[in-house]
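Undergrad: Pasted the sequence and its predicted model underneath.
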Amino acid sequence: MEVIELKELNFENEVLNSPVPVLVDFWASWCGPCKMLSPVVDEVASESDGSYKVGKVNVDEEGELAMQFGIASIPTLLVFSGGELVNKSVGLITKDEILDLLK
Amino acid sequence: MYDVIIIGAGTAGLTAAIYTQRAGKTALLLEAKAYGGQIVNTPDIENYPGYKHISGFEFATNLYEQAKELGAELKYERALSIRDGGNERKTVVTNAGEYECKAVILATGAKNRPLGLENEQKMVGSGVSYCATCDGMFFRGREVAVVGGGNTAIEDASFLSNYCSKVYLIHRRDAFRGDAKGVKALKEKDNVEFVLNSAVTKLLGKFRLEGIEVTNKLDGSVKTIPVAGLFVAVGQQPENESFSDVVSLDEGGYIAAGEDCRTGTEGIFTAGDCRTKTVRQLTTAAADGAVAALAACKS
């Protein structure tokens, strides 16, 4: 599945109202570890059979969203399910660890 | 059977892979997380000869691509142990399998040392950070503290003082190991307050960091400082325990080896920050990678 570019405007619809769990990657272009994690997140997205979705939030462009979820370090991965935040991970992690967050 | 297995794909490990492949041998890199190591956290490298400026990410990616184009293989697996079968017969056991090789290079690097306080891990990403340049912007206009007395702590405090309303610099002694010019510049800043002979003894706040408890080491007095962020810069620590049965570690946990990168064990070499050494820089990591690989290829 494609990675969804998340903004304040589509966050509720794509994430909070999603029928399946959503992995959200908070990142910025100046953040080295974010750039290392990004292709791994893309891979997780491409392997989805539809049982989960993947989106990314650029914290420079969407500062309000970052603030709303108390992001204080990037990369941060959040997992939402049924409109609720159910999992969180900060920093570089492996693909298996990302998939574990979605379980 | 690989000629050389390199554990860790940071600057030392990737350089070792380049030299191994160029020597006509086969290299397998084993990396638990992502290639590049610690340098990917650095926005701008200004002290690597031949580059006036390069980002850590770009530097690491260049190194990785260079190693890959030369034919080095990289597997994202965590090396758990080494079985030493004697001359040119080593087995590296990972979370996913076992690989045989003639020589091993340990290039496991080092990671940020935590303070070791209760809730510290839980607070990472909720106020506790080990990287001011990565996370400083989330604390714009707020009060933060930096703990440490070396160059990193001084640079972090200086960087944060440009964004944050107030920066407390907490150090367990009253003298700084770091660059004297940096300390002087920091003392002249209105929004930086030095809290010396003191240690952070507690993290306050339930879900997010709301403050820190600081204990004065001389008189034992305790005070609370309300801060939204705590930047920990108390140095690095190695992670070599898994290999302590095949190589000797020094008292700090670093792998004991000289500038020739040879451990006491035949066919096992070490390179980069994980080795006992006085200067831990990109250039010394790269130098170790070359020395270790050329020695491993000859062994």
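TA: Perfect, thanks for sending it. Every value quoted in this text rests on a predicted model; they were computed, and no experiment measured them.
Undergrad: Quick check: beta-bridge partners of the spatially most central residue of chain A?
TA: Ranked by distance to the mean C-alpha position of chain A (CA atoms, centre = their mean), the top residue is A:Val24 at 1.3 Å. A:Val24 has the following beta-bridge partners by DSSP bridges: A:Gly55, A:Leu78.
Undergrad: Help me confirm that B:Leu196 comes into contact with B:Phe176.
TA: No. The pair B:Leu196 and B:Phe176 fails to qualify as a contact (CB atoms under 8 Å) at a distance of 9.2 Å. (Glycine included, C-beta is placed from N, CA and C.)
Undergrad: Give me the more crowded residue out of those two.
TA: The neighbour count for B:Leu196 versus B:Phe176, taken as other CB atoms under 10 Å in any protein chain shown, is higher for B:Phe176 (20 against 16).
Undergrad: Quick check: phi and psi at the more buried one.
TA: Main-chain torsions, B:Phe176, degrees, to the nearest 10: phi -110, psi 140.
Undergrad: next one: the one 5 residues further on
TA: As for B:Lys181, its main-chain torsions (degrees, to the nearest 10) stand at phi -60, psi -40.
Undergrad: ok, so what distance separates it from B:Ile154?
TA: 9 Å (CB to CB, to the nearest Å).
Undergrad: excluding its backbone neighbours, what's nearest B:Phe269?
TA: Spatial nearest neighbour of B:Phe269, chain neighbours left out: B:Ala292 (4.1 Å); criterion: CB to CB, 6 or more residues apart in numbering or on different chains.
Undergrad: next one: whichever strand or helix holds that neighbour to chain centre, how far?
TA: Secondary structure from DSSP states H and E places B:Ala292 in helix B:282-298. Distance, stretch centre to chain centre, for helix B:282-298: 18 Å (CA atoms, centre = their mean, to the nearest Å).
Undergrad: counting contacts, what elements does that helix pack onto?
TA: With contacts defined as 3 or more CB pairs under 8 Å, 6 or more residues apart in numbering or on different chains; DSSP states H and E, helix B:282-298 has these neighbours: strand B:2-7, helix B:11-22, strand B:98-106, strand B:268-270.
Undergrad: Name the residues of the stretch 101-250 of chain B found near chain A, please.
TA: For the stretch 101-250 of chain B, the contact set with chain A under CB under 8 Å from any CB of the partner chain comprises B:124-127, B:129, B:131, B:134-135, B:138-139, B:208, B:229.
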